[in-house]
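Engineer: Structure of the sequence below:
(2 chains)
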Amino acid sequence: MKTELEHLLRSAIAQALPNCSVSEIPLERPRQADHGDFATSIALQLAKANGLNPRQLAQSIKDSLPPSEIVESCDIAGPGFLNFKLRSAARFAVVSQVLDAPEQFGRHLAGSKGSIQVEFVSSNPTGPLHVGHGRGAAFGASLSNLLALAGWKVQREYYVNDAGRQMDILTVSTWLRYLEQHQILLEFPPNGYQGDYVGVMAQALSRKHGEAFVRTASDVLTGTPGLPLTSAALDDKAREAQTEAHMDALIHSAKQLLGAGWGIIHSEVLEDQISDCRADLEEFGVVFDCWFSEQSLYDSGRVAQVIARLQERGHLYLKDGAVWFKSSAFGDEKDRVVQRENGIYTYFASDIAYHDEKFSRGLDRILNVWGADHHGYIPRVKAALIALGHDANRLVVPLVQFVSLFRNGEKVQMSTRKGQFVTLRALREETGRDAARFFYVLRKSDQALDFDLSLATSESNDNPVYYVQYAHARVHSVLTRWGGDVQDLAKSDLGLLGTESEILLAQQIARFPEVVDQAALDLAPHSIAFYLKELAASFHSWYNSAPFIVSEQPELTRARLALAYSSAAVLRQGLSLLGVSAPNQM
RNA sequence: CUGCCCAUAGCUCAGCUGGAUAGAGCAACGGCCUUCUAAGCCGUAGGUCGCAGGUUCGACUCCUGCUGGGCAGGCCA
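Structural biologist: Residues are numbered from 1 along each chain as shown, chains lettered A, B, ... in the order given. Sure, this is the predicted structure:
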């Protein structure tokens, strides 16, 4: 409908202004009904560029419009707007379009926009996902679905940080709990992982390996500086430094004492965390095509190779014993270390390798969904890509802001440090998957989110999830009451429709493909959630305005049910983008 | 100190890459169930779009400055 109008306008403009090339024609659905079904300000824009009177230009565009089946009238209004009113048949044509192929509505040919990778969540596999990861998961999954519908070939990826110190700390933490369970008592380091899941993994180690990993306390502590005493005359900074040094020494000691056993514990702990994470996300309706291992970049030599390439291109230099990347030459605010004084690569080094690997896959676009606290990291990654000769504009990094939980109007206190964070699993258990998925995308992603648990769990009309789902359930309830064959609805006489609320609802339905396109362009799944609320509102309003089933008028009944059924189909389609179910009964 | 994000109705937030009289949900007030699910609908009221300039036919939208809040600035990840 919209594209047809665009064609009409394009041909009219070509005739009215033969020498003018028009790239894009803005067509909007006016808020006010008396401004028609569609309006365009194109005459205002072209008048400016060509030094013409806007209203006169609008008139000549109008006069040049080719005849059309769909246009009832075209009016010039205000300073030079062109307002189009559609014929009734054109307004309701969308109903048969939806009924003919519900799954195809709003869908572009798969891959027609190109290929895109969405990397999201990518949390360290060092503990359960919490509510912050949940937002990244809900956003990334919904965005991926949205992009797929809009015609992108989408690759969903989770980057597993399975190399590096954090994994070592988790491994040591598990081992220390294991030793505890075997009566080897050591003070548990405050910077170790405190959660209960660590003890659970330790028990699993005992079941599988018995006492194979038991060592004496004095052996374990050999070579460590010990933990700083709380009463010691050290300032906070020095105490923290010693705590970290103690952890590093513990890791070193554990590797020495355990030999091959270290690798066994490390890999079992990792496997445990990844499978737990995967299961958690699957229950949340979030599935990945690829779990990409950071460690694999080291194993394949990719990290060393990419650093060598930067070296060859002359973008590295030595300073204070470390290897620096000259990122400031490519837009970063300062240079960054890629290889430490001790020879170990930084996280940044493997990240360069990872992004280089991504860029070698031949994807048209690459999205990294990151927590907003990582925004300072973007310039250095782009700098590395540019330095390697890539087109860094292919990389886009949507940022996801923080989540605060509220229960009964009070903020739920969370602190990652003390291990007091609410897990995604706990949130799902409290609110259910549908409410959680919907609430997460109810806010623009770059805006901090206050998640109202009381509202999400309330079975009241305040709850937007139920509001939308209820509209869908009502349609199916009526269809059941009617009892006819749903397949017949496609053959209904839609000419019988035409009340104000019916027109409004049909317009809402017709808007879906436009909303999908725009939301995909903006990387904004929240637009889908807002649209669904509006679509549901239009439906509920119509539902209350008149009964659908009129026993003495079977044809009218059929036409109305066709409209109702197409509403339900679009609601289902939209909800599925967000990973929310569309129940037939509530 | 520097960079990024945010500021819209009493509250929580939309506002379609510059358009017509700035929208929705809560909360407030007044109505609608012997009829397809009231988890619903209809109506009333509520605004100097943080402040001050600038760009132009036209600004919530773009630019500059200011105020107020969030985040980030490691040889951590």
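Engineer: Tell me the secondary structure of A:Gly362, please.
Structural biologist: coil (DSSP: H, G, I helix; E, B strand; the rest coil).
Engineer: so who does it touch?
Structural biologist: A:Ser115 (Cβ atoms under 8 Å, 6 or more residues apart in numbering). Bear in mind the C-beta positions are built from the backbone N, C-alpha and C, glycine included.
Engineer: what about the helices in the stretch 51-200 of chain A?
Structural biologist: Assigned by DSSP state H, counting those that start in this stretch, the stretch 51-200 of chain A shows helices spanning A:54-64, A:88-100, A:131-149, A:165-181, A:196-209.
Engineer: out of those helices, nearest to RNA strand B?
Structural biologist: Ranking those by distance to RNA strand B, with Cβ to the nearest atom of the strand as the measure, places helix A:165-181 first at 5.2 Å.
Engineer: Can you check what angle separates that closest one from helix A:196-209?
Structural biologist: Orientation of helix A:165-181 against helix A:196-209 (axes from the mean of the first three to the mean of the last three Cα atoms, to 10 degrees) gives an angle of 70 degrees.
Engineer: Name the residues that touch helix A:165-181?
Structural biologist: Contacts of helix A:165-181 (Cβ under 8 Å, 6+ apart): A:124-127, A:161, A:185-186, A:188-189, A:191-193, A:198-199, A:201-203, A:205-206, A:213-215, A:217, A:220, A:247, A:250-251, A:254, A:258, A:262, A:265-266, A:269-270, A:273.
Engineer: ok, 6 Å please
Structural biologist: Under the criterion Cβ atoms under 6 Å, 6 or more residues apart in numbering, residues A:124, A:126, A:188, A:192-193, A:198-199, A:201-202, A:205, A:250-251, A:254, A:265-266, A:269 lie in contact with helix A:165-181.
Engineer: so where do the strands sit in the stretch 251-400 of chain A?
Structural biologist: Applying DSSP state E, counting those that start in this stretch to the stretch 251-400 of chain A gives strands spanning A:290-293, A:316-319, A:322-325, A:336-339, A:365-368, A:370-371, A:395-396, A:399-400.
Engineer: Including mean pLDDT, distance to A:Ala43 and mean neighbour count, could the ones you listed go into TSV?
Structural biologist: Below are these laid out as TSV (pLDDT from 0 to 100; distance: least, Cβ to Cβ, whole Å; neighbours: other Cβ atoms under 10 Å):
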stretch	mean pLDDT	distance to A:Ala43	mean neighbour count
strand A:290-293	97	49	16
strand A:316-319	95	57	12
strand A:322-325	96	53	20
strand A:336-339	96	52	21
strand A:365-368	96	35	22
strand A:370-371	93	43	18
strand A:395-396	94	34	17
strand A:399-400	92	39	20
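Engineer: Include distance to A:Arg107 when you put these into CSV, please.
Structural biologist: Converted to CSV, the strands of the stretch 251-400 of chain A look like this (distance: least, Cβ to Cβ, whole Å):
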stretch, distance to A:Arg107
strand A:290-293, 24
strand A:316-319, 47
strand A:322-325, 43
strand A:336-339, 43
strand A:365-368, 19
strand A:370-371, 29
strand A:395-396, 23
strand A:399-400, 26
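Engineer: I'd like to check the angle between the strand ranked longest in chain A and helix A:131-149, please.
Structural biologist: With secondary structure taken from DSSP state E, chain A has its longest strand at strand A:152-160. Put simply, strand A:152-160 runs at 160 degrees to helix A:131-149, going by the same axes, to 10 degrees.
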